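> Turn this into a structure:
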Amino acid sequence: MDMQFHHIPLNERVTISRDGNLYFANLIANDSRDDYTCNAHYINASIILPKEPMSIYVTPSNSVVKNRRAKLHHPAGARSSYLVLRGQTLTLECIPEGLPTPEVHWDRIDSALSPNRTKKLYNNRWLQIDNVLESDDGEYVCTARNSENSVKHHYTVTVEAAPYWTRRPEEHLYAPGETVRLDCQADGIPAPNITWSINGVPVSGTDVDPRRRVSSGKLILSNVEFSDTAVYQCEAVNKHGSILINTHVHVVELPAQILTPDERLYQATAGQTVMLDCRTFGSPLPKIHWEILDSIPALSNAKISQMTNGSLKISNVSEEDSNRYTCSVSETNKSISAELEVLNRTKIVGPPQNLHVIRGSDAILHCKYTVDHNLKSPTVQWKKDGHKITASTSNDKYHEIEGSLKVWDVQMEDMGIYSCEVSTTLDSDTASGYITVQDKPDPPQSLKLSEKMERSVTISWMPSVENNSPVTEYVIEMNEGETPDEGQWQKYRSVSQDIRQLEIHLQPYSKYHFQIRAVNSIGTSAPSESSLSYSTPAAKPDTNPENVMTLSTDPKSMIISWQEMDRRQFNGPGFQYKVFWRRAADSGAHWTESSVSNPPLMVNNTGTFVSFEIKVQAVNDLGAAPEPLTVIGYSGEDFPLEAPSALSVTELQKTSVMVRWSPVRPESVRGHLLGYKIYLRMKGPSGRLRAGRSPAVGNPTVIEVPADAAEKIVSDLQYYSDYTLTITAFNSKGEGPHSEESSFSTPEGAPGPVLFLPFDSPSESEITLRWEAPHKPNGEIRGYLLQYQEVVTGSESPQHVESIDLPAVTEFTLKNLNPESRYTFHLSARNSAGDGAPAIQSGATLLDGEPPSVINMTAGETSVNLSWVPGDRHRNVGFSFRYLKKIEGAEWEESEKINSTQAFYQLQGLDSGVIYHLQVLSGNTSYDWDFKTIYRRELHKSPSNFATEGWFIGLISALVLLLLVLLLLCYIKKSKGGKYSVKDKEEGQGDAANQKLKDDAFGEYRSLESDMEKCSISQPSGCESKRSSNDSLADYGDSVDIQFNEDGSFIGQYSGRRDPRGHDSSGAVSPVNPNMPPPSHSFPTSVTGILGPN
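Have a look, this model is predicted:
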């Protein structure tokens, strides 16, 4: 301690010995102090006796600190011996010295060190074994090691023991005539001597009483009598001490009794050992035996044994041991029963894991377990380093969630062993996990500057606490501000974790501060304390500026520029740049110079594109930097004066040409020639200029080529086109004049594909193809080539060819085609260069149309909805409906003309409740059906309402009158207590008004569900069927357009959208896109439109 009773901090370098001395492995300046005080503390007397203060003064050394080999302060020599008694505490120590501070490791020669039996104290300087056992006898070795060497010391430990009991005699009641055996066993090193006494009188080996004898520590009394009741004493003695035990022997005679209650239930979990009690009392000692299920001897099971006190011991119980056990006293009728129930053992199936947690974050330790369902919910107790944790939802540190432990905001003090103990009323299970808390390292310590030179300084430091994550590197930072708080800290260098000092190279005329950070896997530490400032003296500049160049833009001036130097390279006050220049042609001429503080520098009246020798030198008040390098620069450029000459164009392929020219003279460039630009213009199709037509005007294509090129291949030209071409030279200022224009034309090429290829079918054996000329004819179109063939599954059909030699034709009709087949068509355009890529189409002819033979009919009151499915690949055919009332004298009526693709038609103007005969006519073809319209009166007939009948009104009036008479009689004869039975009311049969409202609103449509008729046939014969009114137009919505008047009634006929080219009812429809009416997207405007017949 010091004079203020503060403990001296102990660490690997500073250690206290068992003899009370304080040892230093090596000294540092901070060890200098004059108040080292040794205090002797007498704990029982609560007295502290201090010694006189001692002083240590550490003398600083200017020389480089050298490492020292490790050796031991204590103990001396290479070997020591210790004798320790069993049960005592053994402490071995190894206190080293050396630089760097040695590390100490402990080992055992004859076996491994047990982590449960040993403790390492004072940074491994002490090895301590508590409660020494015989197994701790052996040889131990400590090793002190640093980077220079290692040194060892061997300890030979001998363990002896004072006497201790291994078996103690037991006290019992004995009946006269029994044999008493008192077993007294003791052990020790050396082995103890055992003797017996009776009431204090020693028993010798040659006892006069033949009933007493001593053998191997046992005292045996045969055929005991009442007089043998006494105190028997056993004593064990060796050189380390003695022990004594008293045993009372009582000789009495009592009847046998069972003291344990009957019908006791024992519960245990699998694997436990169970003791079934059967305590008896009596003298002589009662003899008992156990049975299972009242018949099976319990001792027949190898796991079961009977104790001397009568208890039944069942080891490693399992579910099969769950039974009824009976304890009986021999030669008596006394017995008790016990029930054993074996449950599943409590087991932790998901123990806590070892966690590495970053300080400040949360840690969750899981503890999953299984418990027998017959047991109550277990208790989960968490412990840290053996101490109980109180966890709750309100605890700021610990929170228990379904058996898991959450540790909030983990800090260094939270590191340790966390154990989970799951306990039930029968058993428990424990598992542990370790939380290692990691953090960024602490800042390095003891930052010092040494070996201070004009341009360097050596920085050294001491490592700090790593916080459970090894330091990987150190980062040295410097600051050139006047104080550490000014300027900006910048990283100088990173070094590996084994380096403790570093030489830092500095710039002249600067002031420096240094700090160091440690880095580990978690992050970077806070900076160390800043070093003292260090200033370097001024000096001449060491270097000259780089990237000296000219950036001239005006033809008669020159701008000299360079990369500005960093302020730290000025090396002193009065820094400037000295710029030198002279014409390159006059290498011996005098240098012109100018001094500036920063770039650039403009020089005037230089002439156009004149070369100069240029150099820039750094200078300050102490002198100039070394001689700078000379570079060549130029004054400003001007536009080139001449255009390339001898321009020629040679055809290489149909769409590429070779362009050649003669380069411009260097003196005409008036700058650095950067290259040439070819301007290519397409004037239009070939022959436009020759035919006297005005050329097409478009933006030219510009192609750049390098300065050393005199030819260029121009490709990707259009076929059959006229082009013009010029070329210019350019420098950084811009382009010169254009060369003379050169014209050329490209030849014809195969045309592109024709545009579109639709077709239609005038008849069952004809198809007409239509097209437009190719977008890229690539020449003069001279005709077309048509190839077609039938599509035959599994085989190849012959190909037919039609040559169309008229270029203006844009349609062609193929005849005599097979109506049952599909065809593939290939159409190519032709010019003098050949045939172009074909356009491909496929399709089939349309068959002759016919009127529908299957009609779906939905009859209304004055109309009937007729629908059908048009035939696939059939053209429109015109037909009409004829209809006749099936009454005498009626005449035929006929509808308007209808298209077969229309798919729907409504026949209107019919009479209600009449049977009609319907006929379809088309040429010589006819089909016949019958249908019946709905009868109007049936739609509006109201249900019968007896409430309006006269008899019902009369009955109600009579009842009302009778009720009034009865009430009057009741009032008059109230005093006599007369009672009369009166009927209050009679339930009505329905709400006639509401029913009529429903009939008026929807009666027109209600009965359609039962009365409307629909007929669907395939032969010209009549049929009738019922159809519900909720059938809608949805089945025909994809092929019908519906129109309504403003009042919601239908107008006109239901008809499809006509072909754009105006086909009439008998015209052809394209098989690719037949003229089927598109679906209507209009919303019905009446109930008829919603619920209309199908």
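> drop to CA atoms for contacts and neighbour counts, all remaining ones
Noted.
> What segments of the stretch 601-750 of the chain are strands?
601-604, 611-620, 623-624, 631-634, 645-653, 656-662, 675-685, 701-705, 711-714, 721-730, 742-745 (DSSP state E, counting those that start in this stretch).
> got TSV for the ones you listed, with distance to Tyr927 and mean pLDDT too?
Converted to TSV, the strands of the stretch 601-750 of the chain look like this (distance: least, C-alpha to C-alpha, whole Å; pLDDT from 0 to 100):
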stretch	distance to Tyr927	mean pLDDT
strand 601-604	108	93
strand 611-620	108	95
strand 623-624	121	94
strand 631-634	104	93
strand 645-653	72	92
strand 656-662	73	95
strand 675-685	64	91
strand 701-705	74	95
strand 711-714	76	94
strand 721-730	67	94
strand 742-745	72	92
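> Now render those strands as TSV, adding distance to Tyr82.
Shown next, in TSV, are the strands of the stretch 601-750 of the chain (distance: least, C-alpha to C-alpha, whole Å):
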stretch	distance to Tyr82
strand 601-604	90
strand 611-620	78
strand 623-624	78
strand 631-634	86
strand 645-653	108
strand 656-662	106
strand 675-685	98
strand 701-705	98
strand 711-714	102
strand 721-730	101
strand 742-745	115
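> where are the low-confidence patches of the stretch 451-600 of the chain?
Residues of the stretch 451-600 of the chain meeting the criterion pLDDT under 70: none.
> can you check the stretch 801-950 of the chain too?
Applying pLDDT under 70 to the stretch 801-950 of the chain flags the ranges 922-923, 925, 936-949.
> between the strands of the stretch 601-750 of the chain, which one is nearest to Ala391?
Closest to Ala391 of the strands of the stretch 601-750 of the chain, according to C-alpha to C-alpha: strand 611-620, at 72.9 Å.
> For that closest one, give me every contacting residue.
With contact meaning C-alpha atoms under 8 Å, 6 or more residues apart in numbering, strand 611-620 is reached by 540-541, 543-545, 548, 570-585, 624-635.
> Who are the contact partners of the closest residue to Ser521 other than its chain neighbours?
Leaving aside its sequence neighbours, Ser521 sits nearest to Ser469 (C-alpha to C-alpha, 6 or more residues apart in numbering; 6.5 Å). Ser469 sits next to Gln438, Asp439, Lys440, Pro441, Asn520, Ser521, Ile522 when contact means C-alpha under 8 Å, 6+ apart.
> go on, Thr630?
If you count contacts by C-alpha under 8 Å, 6+ apart, Thr630 has them with Glu613, Ile614, Lys615.
> With Gln497 instead?
Here Gln497 is in contact with Val471, Thr472, Glu473, Tyr474 (criterion: C-alpha under 8 Å, 6+ apart).
> Return the set of residues that bridge with the residue lying closest to it once chain neighbours are set aside.
Distances taken as C-alpha to C-alpha, 6+ apart place Glu473 nearest to Gln497, at 4.5 Å, with adjacent residues excluded. When bridges are called by DSSP bridges, Glu473 pairs up with Ser496, Val519.
> Was I right to think Glu473 contacts Ile516?
No. Glu473 sits out of contact with Ile516 when judged by C-alpha atoms under 8 Å, with a separation of 10.4 Å.
> Between the two, which has more neighbouring residues?
Ranked by neighbour count (other C-alpha atoms under 10 Å), Glu473 and Ile516 place Ile516 first, with 28 against 17.
> That one falls within a helix, correct?
No. Counting by DSSP: H, G, I helix; E, B strand; the rest coil, Ile516 is not found in a helix; it is strand.
> The closest residue to it other than its chain neighbours: how many residues sit nearby?
Excluding its sequence neighbours, the residue lying closest to Ile516 (C-alpha to C-alpha, 6+ apart) is Ile476, at 4.7 Å. Using other C-alpha under 10 Å, Ile476 has 22 neighbouring residues.
> secondary structure element for Ile476?
Using DSSP states H and E, Ile476 sits within strand 473-479.
> Does anything pack onto that strand? Which helices or strands?
In terms of contacts (3 or more C-alpha pairs under 8 Å, 6 or more residues apart in numbering; DSSP states H and E), strand 473-479 is packed against strand 490-496, strand 511-519.
> Is there a neighbour count for the closest residue to Asn865 other than its chain neighbours? I'd like the number.
Spatially, and ignoring its direct neighbours in sequence, Asn865 is nearest to Gln906 (4.5 Å; C-alpha to C-alpha, 6+ apart). Neighbours of Gln906 under the rule other C-alpha under 10 Å: 20.
> swap in the one 10 residues further on?
As a burial measure, Tyr916 scores 18 neighbours (other C-alpha under 10 Å).
> Distance check, the residue lying closest to it once chain neighbours are set aside against Gly913.
With C-alpha to C-alpha, 6+ apart as the criterion, Tyr916 has its nearest non-adjacent residue at 4.6 Å, and that residue is Lys885. Using C-alpha to C-alpha, to the nearest Å, one gets 11 Å for the distance from Lys885 to Gly913.
> Please apply the same query to Thr845.
Taken as C-alpha to C-alpha, the spacing of Thr845 relative to Gly913 amounts to 46 Å.
> Name the residue in the two with the higher neighbour count.
Set Thr845 next to Gly913 and count neighbours by other C-alpha under 10 Å: Thr845 wins out with 30 against 16.
> Highest neighbour count among the contacts of Ser469?
Greatest neighbour count in the contacts of Ser469, by other C-alpha under 10 Å, goes to Pro441: 25 neighbours.
> Need the phi and psi values for that residue.
Note on Pro441: backbone dihedrals following degrees, to the nearest 10 are phi -70, psi 160.
> Hmm, it is touching Ser521, no?
No. Using C-alpha under 8 Å, Pro441 makes no contact with Ser521, being 9.5 Å away.
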